[in-house]
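1. sequence first, then the predicted structure, then my questions.
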Amino acid sequence: MSYQYPDDSLVLHTDLYQINMMKTYWELGRADRHAVFECYFRDMPFDNGYAVFAGLERIVNYLKEFKFTEADLAYLRETQEYPEEFLTYLKEFKFSCDVRSMVEGEIVFNNEPLVQVEGPLAQCQLIETAILNIVNYQTLIATKAARIKSVLGDDLFMEFGSRRAQELDAALWGARAAYIGGADATSNVRAGKLFGIPISGTHAHSLVQSYRDDYEAFKAYAQTHKDCVFLVDTYDTLKSGVPNAIKVAKEFGDKINFLGVRIDSGDMAYISKKVREQLDEAGFYDAKIYASNDLDETTIMNLKMQKAKIDAWGIGTKLITAYDQPALGAVYKIVAIEDDKGKMVDTIKLSSNVEKVSTPGKKQVWRITRNSDDKSQGDYIALWEERPDLQEEIFMFHPVHTYVNKTITDFTARPLLQDIFSKGELVYEVPTLKEMKEYAATRHESLWEEYRRDLNPQTYPVDLSTAAYNNKLSIIEEVKKGVQALYQK
Ligand SMILES: Nc1ncnc2c1ncn2[C@@H]1O[C@H](COP(=O)(O)OP(=O)(O)OP(=O)(O)O)[C@@H](O)[C@H]1O
Ligand SMILES: O=P(O)(O)OC[C@H]1O[C@H](OP(=O)(O)OP(=O)(O)O)[C@H](O)[C@@H]1O
Ligand SMILES: O=C(O)c1cccnc1
């Protein structure tokens with residue numbers, strides 16, 4: 001295969017149909033019609049009670065230098081039958097949308113806008129694919145990491161997934177998302193270099209196998225490293241691995257930091273208890289037991305119930321691939337468009353499935369917290385012009401089962417969608433990754449425990465304002481009447 005074109009831009013990281021639609025809009029004079037699109041997911045990933053939003057920094061980088069390069073245009077010229085005028089339009093393209101978004105580390109829920117793009121229709125359309133690509137993966141992995149973190153507590157949580165990730169990008173951005181969601185470190189050195197994530201690691205079975213002997217291998221490692229964690233399960237954990245790790249630790253004394261041993265197979269509850277006894281008997285009370293091998297939040301919880309003596313956890317495959325739910329399923333839907341007279345009209349996508357009917361109109365998500373305890377009471381999705389933060393009380397009701405409702409007073413309403421780009425100009429200062437991680441942890445704390453548990457959490461209220469709800473109903477009626485009128489013709 002020959003790669004004729006340099007990979008010098010992300011602009012073509014889109015589905016062909018987006019560019020084809022751009023051509024329709026451009027040719028028929030619709031490209032610059034003002035439009036609003038919103039990105040959201042419909043179902044909570046892993047049946048979790050919340051999700052952790054991630055991916056904004058990459059969206060910022062993607063849009064910051066958003067221009068069709070000569071190579072992009074040359075490729076389109078060669079493969080598509082686009083008229084030269086359309087290619088000139090693409091060449092002169094200048095990104096000029098407003099982008100609003102949840103910030104990274106924010107706790108988010110289904111059916112609420114996470115990213116909102118407003119501007120010329122053709123531009124909003126073009127960037128759909130990449131935005132979904134980024135948000136879908138990073139939010140999924142950050143959420144999976146948060147689930148794992150919730151059973152690990154303060155135990156060391158290392159992300160070990162690179163070798164099993166879906167290719168290089170996933171390893172890198174997955175490591176970053178996992179860090180935001182709760183991991184303390186990654187084994188991926190490049191992720192450390194690029195993002196400043198702490199890196200950590202032990203050694204593999206191959207080291208031991210190459211020496212064909214635990215003692216010789218551990219000794220070799222100790223001769224060449226200060227910090228040592230020995231992998232003890234290559235031949236026989238209790239009869240050879242741990243005794244030889246202890247022997248080497250004693251021989252090297254202060255010349256090394258004997259941090260502990262790693263186990264990677266067998267019954268980890270039973271083995272870890274026996275390993276702990278052996279380490280303690282030898283006086284290595286501070287040496288830690290590291291574990292890895294297809295771990296996830298369920299296995300970890302089980303191991304903890306069995307009182308496994310594990311202090312540090314290396315988690316790869318099941319985290320980086322979001323093994324039990326490999327897709328978040330976020331979508332990007334048009335919610336308002338300028339009509340022929342230049343007036344903005346709200347749009348809807350109907351479905352026989354009530355949950356799938358989109359909510360028309362440009363919206364803001366307000367997080368409602370009670371002033372007395374600073375705990376989140378629910379999210380309130382209001383039409384853009386509404387100002388629930390200036391209201392004395394707020395009436396919240398379930399958007400399908402409206403009889404489930406409550407009135408809240410003495411509350412704070414915080415808008416969650418922040419300005420990121422204004423008319424194509426970046427107006428947001430991206431925080432450091434560490435700040436995002438800390439933010440995620442504090443937002444997580446502000447949730448009631450009932451929403452935080454991994455298994456069968458309570459459903460967090462994500463409600464529509466009365467105005468957004470009524471707007472939705474009246475548009476549904478309007479569309480239904482339009483469809484009936486068509487049939488009667
Ligand atoms: N006490 C335990 N309770 C529950 N799950 C456990 C326990 N000990 C280990 N596990 C998990 O059970 C699975 C065992 O995997 P597997 O059958 O591959 O065993 P193994 O001993 O590691 O074999 P291999 O050497 O082939 O990796 C892993 O996911 C591991 O994390
Ligand atoms: O199980 P995961 O959660 O995916 O964690 C990563 C796994 O990768 C390594 O195994 P691998 O067999 O690839 O290499 P090794 O030779 O070092 O054991 C490590 O020992 C873990 O078991
Ligand atoms: O450092 C380790 O122990 C490690 C790193 C990646 C995968 N498995 C183990």
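-> Arrived safely. Numbers count the residues shown, from 1 in each chain. Ligands and ions are numbered 1, 2, ... in the order given.

2. residues in contact with the helix or strand containing Gln116: which ones?
-> Assigned by DSSP states H and E, Gln116 belongs to strand 115-120. Residues from elsewhere that reach strand 115-120, judged by Cβ atoms under 8 Å, 6 or more residues apart in numbering: 31-39, 56, 59, 96-102, 124, 127, 131, 135, 332, 362-363, 417, 423-424. All C-beta atoms are positioned from the backbone trio N, CA, C, and that covers glycine.

3. that one: partners in the sheet, and parallel or antiparallel?
-> Sheet pairing of strand 115-120 (DSSP bridges) gives strand 34-40 (antiparallel), strand 98-101 (antiparallel).

4. closest residue of the chain to ligand 2?
-> Gly316 (2.7 Å; Cβ to the nearest ligand atom).

5. give me the phi and psi for that residue.
-> Note on Gly316: backbone dihedrals following degrees, to the nearest 10 are phi -110, psi -100.

6. thinking it is in contact with Phe160, fair?
-> Yes: Gly316 is within contact range of Phe160, at 3.9 Å (criterion: Cβ atoms under 8 Å).

7. got a list of what the residue of the chain closest to ligand 2 touches?
-> Contacts of Gly316 by Cβ under 8 Å, 6+ apart are 159-164, 292.

8. redo the strands paired with strand 115-120 as TSV? Include mean neighbour count.
-> Shown next, in TSV, are those (neighbours: other Cβ atoms under 10 Å):
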stretch	mean neighbour count
strand 34-40	23
strand 98-101	24
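
9. let me have those strands in a markdown table, extended by mean pLDDT and distance to ligand 3.
-> A markdown table is the format used below for the strands paired with strand 115-120 (pLDDT from 0 to 100; distance: least, Cβ to the nearest ligand atom, whole Å):
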| stretch | mean pLDDT | distance to ligand 3 |
| --- | --- | --- |
| strand 34-40 | 98 | 33 |
| strand 98-101 | 99 | 32 |
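
10. can you lay out those strands as JSON lines showing distance to Val117?
-> What follows is these, written out as JSON lines (distance: least, Cβ to Cβ, whole Å):
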{"stretch": "strand 34-40", "distance to Val117": "5"}
{"stretch": "strand 98-101", "distance to Val117": "5"}
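
11. got the ones you listed as TSV, with distance to ligand 2 columns?
-> Formatted as TSV, the strands paired with strand 115-120 follow (distance: least, Cβ to the nearest ligand atom, whole Å):
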stretch	distance to ligand 2
strand 34-40	30
strand 98-101	31
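
12. close to ligand 1: what parts of the stretch 251-400 of the chain are there?
-> Residues of the stretch 251-400 of the chain found near ligand 1 (Cβ under 6 Å from any ligand atom) are 265-269, 293-295, 299, 302-303, 306.

13. what's the local residue count around the residue in the stretch 301-450 of the chain that ligand 1 sits nearest to?
-> Closest residue of the stretch 301-450 of the chain to ligand 1, Cβ to the nearest ligand atom: Asn302 (4.6 Å). By other Cβ atoms under 10 Å, the residues close to Asn302 number 13.

14. that older thread, which of the residues of the stretch 251-400 of the chain next to ligand 1 are buried? Put it as a PyMOL command.
-> Restricted to buried positions by 16 or more other Cβ atoms under 10 Å, the PyMOL selection for those reads:
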select buried, resi 268+269+293+295+299+303
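
15. quick one: secondary structure of Ile19?
-> Here Ile19 is recorded as helix under DSSP: H, G, I helix; E, B strand; the rest coil.

16. next: Ile476.
-> helix.

17. please tell me how far it sits from Gly482.
-> Applying Cβ to Cβ, to the nearest Å, the value for Ile476 to Gly482 is 11 Å.
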